[in-house]
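J.: Sequence first, predicted model second:
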Amino acid sequence: MSKGKESKGFVVWLTGLSGSGKSTLAGALCEKLEARGLAVERLDGDVLRGVFPNTGFTKEARDEHIKRVGFMASRLEHHGVIVVASFISPYREARQFVRGLCKRFVEVYVKTSVEECRRRDVKGLYKKAAAGHISGFTGVDDPYEEPLTPEVVIETEKLTLEKSVEAILKYLKDHRLID
């Protein structure tokens, strides 16, 4: 966590398919917020799964994981920290649970077609799922439930990284979460 000037915490929750650009966008957003001297903590799905490798991929295991992360995010928010979380978080119910834990929750849907995510596939996960080496892969043989009313929608196939970050910052400014 980076130390910063006193601020009211809030949670920016980036959700979308694997390869949609959540982590890249989260990193760039954190840099901009930190440059303003704000206290920011980044929570990333790949990083947390690296620390807790036995986190499963069933619907129940994914929901529990998101609920735990959401609780952690809500506690950080309570202490004035801005949390930028990037998780596939494929199920609406789990995202709604997290929203309910947080006082100031901004859902950002990183909307990218599954075809584009397959094209980007830097980890080779879509290829493994298509070959049957991975089962329950979101967007291939497990559903992704798109947010119904996200605060921000970022279409990474249409916007540059810079424009995407600007769109989120504009929302945060317009809603008086940042100056």
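T.: In hand now; what should we look at? Numbering: from 1, shown residues only.
J.: going forward, measure contacts and count neighbours with C-alpha atoms only.
T.: Fine.
J.: Who are the packing partners of the longest helix seen in the chain?
T.: Counting residues, the longest helix found in the chain (DSSP state H) is helix 59-78. When contacts are defined as 3 or more CA pairs under 8 Å, 6 or more residues apart in numbering; DSSP states H and E, helix 59-78 packs onto strand 10-15, strand 82-86, helix 92-101.
J.: quick one: contacts for residue 103?
T.: By CA atoms under 8 Å, 6 or more residues apart in numbering, the contact set of residue 103 is 10, 74, 77.
J.: what's the pLDDT at the last one?
T.: Pointing back at residue 77 there. Residue 77 is assigned 97 on the pLDDT scale.
J.: how many other residues sit next to it?
T.: With neighbours defined by other CA atoms under 10 Å, the count for residue 77 comes to 24.
J.: in the protein, which spans are strands?
T.: 10-15, 40-44, 82-86, 105-111, 152-155 (DSSP state E).
J.: Tell me, please, the helix or strand in the protein that averages the lowest pLDDT.
T.: helix 45-51 (a mean of 74; mean pLDDT, DSSP states H and E).
J.: That helix: which residues count as buried?
T.: By neighbour count on 16 or more other CA atoms under 10 Å, the buried set for helix 45-51 is residue 45.
J.: now swap in stretch 67-87 and tell me
T.: 67, 69-78, 80-87.
J.: Same check on stretch 160-177?
T.: Of the residues in stretch 160-177, 161, 164-165, 167-169, 172 count as buried by neighbour count, 16+ other CA under 10 Å.
J.: Quick one: low-confidence residue ranges for this protein.
T.: 1-7, 49, 53 (pLDDT under 70).
J.: picking up where we left off before, residues in contact with the longest helix of the chain?
T.: In contact with helix 59-78 (CA under 8 Å, 6+ apart) are residues 8-11, 55-56, 82-83, 85, 89, 91, 94-95, 97-98, 101-103.
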